[in-house]
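*Asks:* could you look at this predicted model? Sequence included:
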Amino acid sequence: MSKNDKKRKLLIGVISGAILLVIIIFLLWFFNRKFDITLDYNDGTKTKIVQIKYNKVINKKDIENTDGLNATWYEIVEKKGNEDILAKEPFDFKTKINKNIKLKAIYDVTLENDDTKKITISFDSKGGSKIQ
């Protein structure tokens, strides 16, 4: 084997090693990414941000409301002026996360009496704390 062949093999080995290292670093970064889940409790308080790793699900314990109200969470799919346009269906907490998303709570209050009715209440913070 000539000196040129040895140099060529060494160069190929170095380049291959560098490419492999770049691929490993990229894969480590890609699978360890975290996404922001912005939670709008829809009660006049500030929003909360929870970070979720790529392809993981949101732990419902991370978003529980401490006041005991039953909230259904919807993804905010669009914003028109000050109005949030929500998804048609409630957010499925089995969904694996692969992007930043914003969720908004819609509260259901059930009055129990002879004539049970379901009332949905949306809070407007006009005059109160700003929702960010």
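*Replies:* Received it, and whenever you're ready, just let me know what you need.
*Asks:* can you tell me the helix or strand for the spatially most central residue of the chain?
*Replies:* Centroid check for the chain by Cα atoms, centre = their mean gives I37 as the closest residue, at 3.2 Å. Here I37 sits within strand 34-40, counting by DSSP states H and E.
*Asks:* same question for that strand: list its buried residues.
*Replies:* 35, 37, 39-40 (16 or more other Cβ atoms under 10 Å). For the C-beta atoms, the positions are set from N, CA and C on the backbone; glycine is no exception.
*Asks:* out of those residues, which comes closest to K48?
*Replies:* Checking these against K48 by Cβ to Cβ gives L39 as the nearest, at 4.5 Å.
*Asks:* my read: that closest one touches Q51, true?
*Replies:* No. Under the criterion of Cβ atoms under 8 Å, L39 makes no contact with Q51, lying 11.7 Å away.
*Asks:* follow-up on the earlier one: which among the buried residues of strand 34-40 gets closest to K99?
*Replies:* For the buried residues of strand 34-40, the minimum distance to K99 (Cβ to Cβ) is 6.0 Å, reached by F35.
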